[in-house]
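Q: Structure, please.
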Amino acid sequence: MADIAELTALIEPEVKALGFALVRVKLFGSGEDHTLQIMAEDPKTKQLVIEDCARISRRLSDLFDEIDPIEEAYRLEVSSPGIDRPLTRLHDFIEWAGYEAKVTATEVVEGRKSFRGMLKGVEGEDILFADAKSGEVAIPFALVSDAKLILTDALINATMPLSLDGADEFDTEE
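A: Next comes the predicted model:
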């Protein structure tokens, strides 16, 4: 499989040139079924609309047709990170402080590897976290293997969609 750091180095400037921020590059699958997943966001809205995904997809497809960085056959998937987004950059932990998250570390921190609770921000290179079981914890960012927001009413209210055009409206009163 291709090297993620090399793919990211190719993809990030292309995404930035379109005015978006790269959230994550992930290559997964087995056998002959591989997917290259690109998550990006508009820095102003923290979302993408379908047209944004299409623009990124076309630009990356054109680039990959020229340089062919992945030997295996793969499917290109471009998406918004969604409401319960992955937290992949140190500044994500600052921007989403005050919201619930799940964090998994590669090594034991304060006697645990898995945490669930409230993001409190960042101090230096440490994520400040109020874990439901362990209390206040500082998790070194370098040890984070996986982190994502937890879907809550507060998170839903903070990430209302850019547009409700096309959303079905139901009138339950008659």
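
Q: And the residue nearest to S80 when sequence neighbours are not counted, how far from F129?
A: Sequence neighbours aside, L48 is the residue nearest to S80 in space, at 3.9 Å (criterion: Cβ to Cβ, 6 or more residues apart in numbering). Just so you know, the C-beta spots here come from the backbone N, C-alpha and C atoms, and that holds for glycine as well. According to Cβ to Cβ, to the nearest Å, L48 stands 28 Å off from F129.

Q: Please apply the same query to E100.
A: Distance of E100 to F129, computed by Cβ to Cβ: 10 Å.

Q: more crowded one of these two?
A: Between E100 and F129, F129 has the larger neighbour count (other Cβ atoms under 10 Å), namely 25 against 18.

Q: Secondary structure element holding the more buried one?
A: Using DSSP states H and E, the element containing F129 is strand 126-131.

Q: shaky segments in this structure?
A: Within the chain, the ranges that satisfy pLDDT under 70 run 1, 160-174.

Q: Identify the single longest helix in it, thanks.
A: helix 50-67 (DSSP state H).
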